[in-house]
Structures are given as structure tokens and as C-alpha cells.
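Colleague: Predicted model and sequence below, questions to follow.
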Amino acid sequence: MRMLLVEDNDDLAETIVDRLRSEGHSVDRERDGNEANELLRHARFDIVLLDINLPGRSGYDVLRSLRSRRDETPVMILTARSQIDDRVIGLDSGADDYMVKPIDFRELSARCRVLARRKAGSASNEFNAGTLRFDRAAKRATVDGVDAQLRAREIQLLEILIGNLGRMLTKEEVADKLYTFEETPSMNAVEQLVARLRRKLEATPLVIKTARGLGYMAYVDED
């Protein structure tokens with residue numbers, strides 16, 4: 001998943017980013033509320049992890065601004081504020097979830113998976129299509145019970161495609177979801193990644209279709 005962490009505590013932010021990246025996610029980080037708000041006007045993320053006490057403007061203001069633009073990106077508030085009133089304000093402002101610091105990173109990862117499943121309309125961490133089984137929690141795909149030996153980027157791509165079954169994704173959209181602002185991937189790199197994943201899953205009903213000039217669409221071939 002492509003995530004944005006908005007957190008002004010450098011040590012905590014570094015720990016969260018390292019943990020999430022180790023799980024195969026692409027994570028960008030902002031420390032200022034104004035800068036985060038401006039970024040969210042132009043960039044798209046799968047999940048936003050948002051602190052409340054920020055320089056510039058509060059996380060509540062960032063969240064309200066996001067929702068006023070009818071942006072439905074899942075937002076999880078991460079804050080030291082533990083009072084019920086604070087939770088109510090956050091949830092009523094449009095947050096999808098709320099965690100109080102100090103956070104448990106296993107719980108954070110699990111809650112992020114819940115938000116991703118909810119956005120994709122799925123109730124389970126497991127995706128099954130014929131011989132293909134993909135476990136979002138374990139980040140593991142098997143074909144006929146045998147590990148598909150997917151690399152981290154291939155796992156990311158598979159998650160993106162499964163979360164957008166039947167929808168055409170442009171190369172630019174795929175690249176935006178795969179890579180952070182610190183990385184400079186070429187469209188050729190995206191093409192090669194799609195080709196590798198397609199080869200590894202060619203014995204499964206999951207079809208990755210390339211539409212020249214448009215992009216990619218994944219669907220399950222029921223025949």
C-alpha cells in the first residue's frame with residue numbers, strides 16, 4: 001500500500017516508516033500540517049496516518065479539509081490524546097480509526113489491513129481465485145499450495161491489482177501506488193514488474209490484461 005504518515009516526532013516517525021516499509025509498503029512522511037494538507041490536494045494515498053498536534057495546522061483541520069473535498073481516503077489518527085472527547089471529535093471529523101500512543105506496531109499493521117480490506121470491499125485477509133491464494137497479513141502468495149516466490153514489489157503490485165479488480169489502472173497510477181517521492185521509477189520499470197508478476201501467476205485464473213495506451217486491468221477468469 002502507498003501510505004502517508006503525518007507525524008512531527010522524528011524518532012517515532014522514523015520507527016513507523018521503517019516498520020511499514022519492512023512489511024512492503026511505500027511510505028512518505030510529512031511533519032507539518034499545512035504541508036500535509038497541500039500534498040493531499042494533489043497526491044493520492046491508500047491510507048493516511050495522521051497525528052493531531054502538528055506544526056502549521058492540526059490534524060483535525062487536515063482531516064476536515066480532506067473530507068470537505070469529498071476525498072474518501074482512509075485516515076487513521078495516531079495521537080497521545082486518549083480522552084473520549086478527543087476520539088469523538090476525530091471520528092466525527094471523518095477519521096476511519098483512532099489509535100492512542102504509544103502504539104503497538106502489530107496492531108497498527110492489522111488495523112491498516114482492515115482499512116485496506118474495507119476500502120476494497122473485502123472482509124478477509126485472504127484472496128482466493130482457483131489455484132491462487134494470497135494472504136495479505138503474511139504477504140505470501142501460493143499457487144497450488146506452492147509458494148509463488150514473489151518479491152516485495154511484486155507483492156505490492158498484486159495487492160494493488162486485487163484491490164482494483166475490473167478497474168483499468170494507468171501506468172502512472174500503478175507507479176504512484178508503488179513508489180514513494182524519494183524514488184524515481186521509470187514506466188519501463190513498471191512494465192517489467194507487471195511482466196514478471198504475470199509470468200509467475202500465469203497458471204492461475206488471475207488475468208493481468210495490458211491495454212496499450214491505457215494501462216492494466218486484473219480480473220478473475222471464471223472459465
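Modeller: Received the coordinates, thanks.
Colleague: What residues sit buried inside stretch 131-144?
Modeller: 132-134, 136, 139, 141-143 (16 or more other C-beta atoms under 10 Å). Any C-beta I mention is one placed from the backbone N, CA and C, and that applies to glycine too.
Colleague: Show me the contact partners of it.
Modeller: 23-24, 110, 113, 116-117, 125-128, 145, 147-148, 150, 152, 155, 158-159, 162, 200-201, 203-206 (C-beta atoms under 8 Å, 6 or more residues apart in numbering).
Colleague: Kindly recompute the last result at 7 Å.
Modeller: 23-24, 113, 125-127, 147-148, 150, 155, 158-159, 162, 201, 203-206 (C-beta atoms under 7 Å, 6 or more residues apart in numbering).
Colleague: Just the pLDDT for Lys177.
Modeller: pLDDT for Lys177: 89.
Colleague: Point out the ones among the contacts of stretch 131-144 that are inside helices.
Modeller: The helices in this structure, assigned by DSSP state H, contain 113, 155, 158-159, 162 from those.
Colleague: the strands in this protein, which residues?
Modeller: 2-6, 26-30, 47-50, 75-79, 97-100, 126-129, 132-135, 140-143, 146-147, 206-211, 215-220 (DSSP state E).
Colleague: and those strands as a markdown table, adding distance to Gly166 and mean pLDDT?
Modeller: Shown next, in a markdown table, are these (distance: least, C-beta to C-beta, whole Å; pLDDT from 0 to 100):
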| stretch | distance to Gly166 | mean pLDDT |
| --- | --- | --- |
| strand 2-6 | 20 | 95 |
| strand 26-30 | 23 | 95 |
| strand 47-50 | 22 | 96 |
| strand 75-79 | 26 | 94 |
| strand 97-100 | 27 | 93 |
| strand 126-129 | 13 | 91 |
| strand 132-135 | 16 | 94 |
| strand 140-143 | 20 | 95 |
| strand 146-147 | 27 | 94 |
| strand 206-211 | 10 | 93 |
| strand 215-220 | 5 | 94 |
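Colleague: a markdown table for the ones in helices among the contacts of stretch 131-144, including neighbour count?
Modeller: Shown next, in a markdown table, are those (neighbours: other C-beta atoms under 10 Å):
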| residue | neighbour count |
| --- | --- |
| Arg113 | 16 |
| Ile155 | 19 |
| Leu158 | 24 |
| Glu159 | 23 |
| Ile162 | 19 |
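Colleague: sorry, back to before: pick the most buried one from the strands of the chain.
Modeller: Of all those, strand 47-50 has the most neighbours on average by mean count of other C-beta atoms under 10 Å, namely a mean of 27.
Colleague: Identify all contacting residues around it.
Modeller: 1, 3-6, 59, 62-63, 73-78, 112, 115-116.
Colleague: Which pair of the ones in helices among the contacts of stretch 131-144 spans the longest distance?
Modeller: Arg113 and Leu158 (14.4 Å; C-beta to C-beta).
Colleague: so which of the ones in helices among the contacts of stretch 131-144 would you say is closest to Ser93?
Modeller: Among the ones in helices among the contacts of stretch 131-144, and counting by C-beta to C-beta, the member closest to Ser93 is Arg113, at 23.1 Å.
Colleague: pretty sure the closest one is touching Glu126, no?
Modeller: No: counting by C-beta atoms under 7 Å, Arg113 does not reach Glu126; the two are 11.2 Å apart.
Colleague: Any idea how many residues pack against the closest residue in space to Glu35 that isn't next to it in sequence?
Modeller: Nearest residue to Glu35, sequence neighbours excluded (C-beta to C-beta, 6 or more residues apart in numbering): Gly56, at 6.8 Å. Burial of Gly56 is recorded as 16 neighbouring residues (other C-beta atoms under 10 Å).
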